[in-house]
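Visitor: Pasting the sequence and the predicted coordinates here, then a few questions.
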Amino acid sequence: MFSSSKQVQISWGGGEPVSVAVGTPWLAAAQTLGHTIPTGCLHGSCGACEIEVNGHVVRACIEVVTDRDAILQVDMASDPYW
Ligand code: FES
């Protein structure tokens with residue numbers, strides 16, 4: 001599906017880590033792991049798709065899985081203004 005052969009472990013919501021190819025768009029990674037990320041604009045401006053990856057806010061519609069850390073801990077971002 002994605003050309004990168006490098007894999008990274010993703011633990012979504014504290015679940016068991018699952019291997020995902022580096023470079024996979026976050027929306028696709030979520031779908032592969034059985035999760036749905038809410039979306040709005042789909043081009044990075046509204047913030048509806050924000051998730052937290054190891055404590056850093058990521059806009060899932062425009063960012064891809066990186067290999068910055070050994071295991072990527074993912075949670076849905078909570079925004080009190082949204
Ligand atoms: S859907 Fe709007 S920023 Fe991602």
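Guide: Looks like it came in fine.
Visitor: Without its sequence neighbours, what residue ends up closest to the residue nearest the centre of the chain?
Guide: Nearest to the geometric centre of the chain sits Trp26, at 3.9 Å (C-alpha atoms, centre = their mean). Closest residue in space to Trp26, ignoring its immediate chain neighbours: Ala60 at 3.7 Å, by C-beta to C-beta, 6 or more residues apart in numbering. Every C-beta, even on glycine, is put in place using the N, C-alpha and C of the backbone.
Visitor: Can you get me a residue count around the closest residue to Glu50 other than its chain neighbours?
Guide: Excluding its sequence neighbours, the residue lying closest to Glu50 (C-beta to C-beta, 6+ apart) is Ala77, at 3.9 Å. Other residues within reach of Ala77, judged by other C-beta atoms under 10 Å, total 19.
Visitor: What of Ser19?
Guide: 8.
Visitor: Please settle this for me: is it part of a helix?
Guide: No. Read with DSSP: H, G, I helix; E, B strand; the rest coil, Ser19 is strand and lies in no helix.
Visitor: Any idea what the nearest residue to it once chain neighbours are set aside is bridged to?
Guide: Spatial nearest neighbour of Ser19, excluding adjacent residues (C-beta to C-beta, 6+ apart): Gln7 at 4.2 Å. Note on Gln7: beta-bridge partners by DSSP bridges are Ala21.
Visitor: Am I right that Gln7 is in contact with Val20?
Guide: Yes. Gln7 lies in contact with Val20 (C-beta atoms under 8 Å); the separation is 6.6 Å.
Visitor: Would you give the sheet partners of the helix or strand containing Val57, along with the direction of each?
Guide: According to DSSP states H and E, Val57 maps onto strand 56-59. Applying DSSP bridges, strand 56-59 is found paired with strand 50-53 (antiparallel).
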